[in-house]
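A.B. asks: give me coordinates for this.
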Amino acid sequence: MNPTCPGPTLGVVGGGQLGRMLAEAASPLGVDVVVLDPTPACPASRVAEQIEGPFDDPDAVRELAERADALTLEIELADPDVLEAIGGEYDVPVNPSPDALGTIQDKLVQTRTFANAGIPVPEFVAVADAGDLADAVERFDGCMLKARTGGYDGRGNVPVEPGDDYEAKLAEVGAGEGGAMAEELIDFERELSVVAVRGDGERRAFPVVENVHREEILRETVAPARCSEAVAERAREVALDTLETLDGRGVFAMELFEESDGTVSVNEVAPRPHNSGHWSIEGATTSQFEQHVRAALGWPLGTAEARAPTVMANVLGDVPEPRPASLSGVGDVLAAPNANLHWYGKHEARPLRKMGHLTIVDVDASTDDTAARDDLLARARDLRDGLTFE
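C.D. replies: As a prediction, this is how the structure comes out:
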């Protein structure tokens, strides 16, 4: 698709915060965005047009295709078969490919695909019932049980130890007729991720970043990661090898484990912009969102270099129960040097719900300055902890 200004219209399945930031990145390029989302006045609707409807509804997807020159997604709940059929019906390109989406939607299929391609992954087995789970626990001396479909933000993943109630654990992850997957528990040094992007005959990889989780939810991302150059290079190699197993243009985020001996393995992959790439809005030459827009349209990619050390901290719903969203302490973030706040526009705060994020950048430090990243992480946490929901 030849770049022009004004540009084409990009249709996005999903209108959450990722869709919102995609639309924000698309606007300076002259690209209009239409999103499909079932939530009335979804976050992206403030900056893009919204078609209100289920992600997998053929009529709603057909309306999206009628109004768009290209289709992409910001959530894995889209139906790959519907996207493939309607994309073909309207001769509208769909990226990443529906085939890649179908592979990633099922964690067992995803992991098998990577293993068969020689990509390093934790040991795993399919789990159909409590007996299979008992065997997996004995084999791995405890395991991480994962729902095959539908899990996100730690939901659908639960550790299992010998002697646990295996039926209850299967119910907890929502294992249905398709069963679940059990993985060995990795004693990792740190969690890493690489956001990689494939364009029309080109590819880029953002710097390797370090993710800090608590309660299975990402809290902070440190960019670049505080790991050795050898580990960073290996992580980049694994990420780009993984990218080759998936079809279509766009951003793919690879979540990785770094073990104490420097071994790197793939945890999971998302076929879209990712929370661990939010730092790139202020911290990289071209953000992950702009890269995804360019790639989905077949436009030339931007560079993916880091401008400076950057830390992203998620702003989660720190509330005991759902309530109208009202955040205080914003002025302190706005007053802090080189700090930026991103509010997602969600009407209701819920426990641990992602409501926004902040970034802080050290414009005077080099990207290999570990002390600068340590300091940034402490400052980001202080700023984030000063934000409260009234």
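
A.B. asks: ok, and for stretch 167-177, which residues are buried?
C.D. replies: Residues of stretch 167-177 classed as buried under the neighbour-count rule (16 or more other C-beta atoms under 10 Å) are 169-170, 172-173, 175. (Glycine included, C-beta is placed from N, CA and C.)

A.B. asks: now find how far off-centre that stretch is within its chain.
C.D. replies: 24 Å (C-alpha atoms, centre = their mean, to the nearest Å).

A.B. asks: give me the residues contacting it.
C.D. replies: 127, 129-130, 133, 145-148, 150-151, 156-158, 160, 180 (C-beta atoms under 8 Å, 6 or more residues apart in numbering).

A.B. asks: do stretch 211-221 as well
C.D. replies: Stretch 211-221 is contacted from outside by 153-155, 157, 190-193, 209-210, 222, 255, 275-276, 278-279, 311-314, 316, 352, 377, 380-381, using C-beta under 8 Å, 6+ apart.

A.B. asks: in helices, which of those residues fall?
C.D. replies: 377, 380-381 (DSSP state H).

A.B. asks: now, among those residues, which is nearest to Pro38?
C.D. replies: Ala380 (33.0 Å; C-beta to C-beta).

A.B. asks: in strands, which of the buried residues of stretch 167-177 fall?
C.D. replies: Counting by DSSP state E, no part of those is found in strands.

A.B. asks: narrow those residues to those in helices?
C.D. replies: Those of those lying in helices (DSSP H): 169-170, 172-173.

A.B. asks: circling back to that earlier point, format the buried residues of stretch 167-177 as a markdown table; extra columns: pLDDT and distance to Pro98.
C.D. replies: Formatted as a markdown table, the buried residues of stretch 167-177 follow (pLDDT from 0 to 100; distance: C-beta to C-beta, whole Å):
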| residue | pLDDT | distance to Pro98 |
| --- | --- | --- |
| Lys169 | 93 | 32 |
| Leu170 | 93 | 29 |
| Glu172 | 90 | 30 |
| Val173 | 88 | 26 |
| Ala175 | 76 | 25 |
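
A.B. asks: show me which of those residues is closest to Gln291.
C.D. replies: Distances from Gln291 to the buried residues of stretch 167-177, taken by C-beta to C-beta, are shortest for Val173, at 32.6 Å.

A.B. asks: return the distance of the residue sitting nearest the centre point of the chain relative to Ala371.
C.D. replies: Closest residue to the average C-alpha location of the chain: His274 at 2.4 Å, with C-alpha atoms, centre = their mean. Noted for His274: a distance of 27 Å to Ala371, by C-beta to C-beta, to the nearest Å.

A.B. asks: can I get the host helix or strand of Ile281 in PDB, CA atoms only?
C.D. replies: Taking DSSP states H and E as the definition, Ile281 sits inside helix 280-283. What follows is helix 280-283 as a C-alpha-only set of coordinates in PDB (Å, rounded to 0.1, in the frame of the first residue of the first chain):
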ATOM      1  CA  SER A 280       8.900   2.900  23.400                       C
ATOM      2  CA  ILE A 281       6.500   5.800  23.100                       C
ATOM      3  CA  GLU A 282       8.900   8.100  24.800                       C
ATOM      4  CA  GLY A 283      12.000   5.900  24.900                       C
END
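
A.B. asks: sweet, I'm off.
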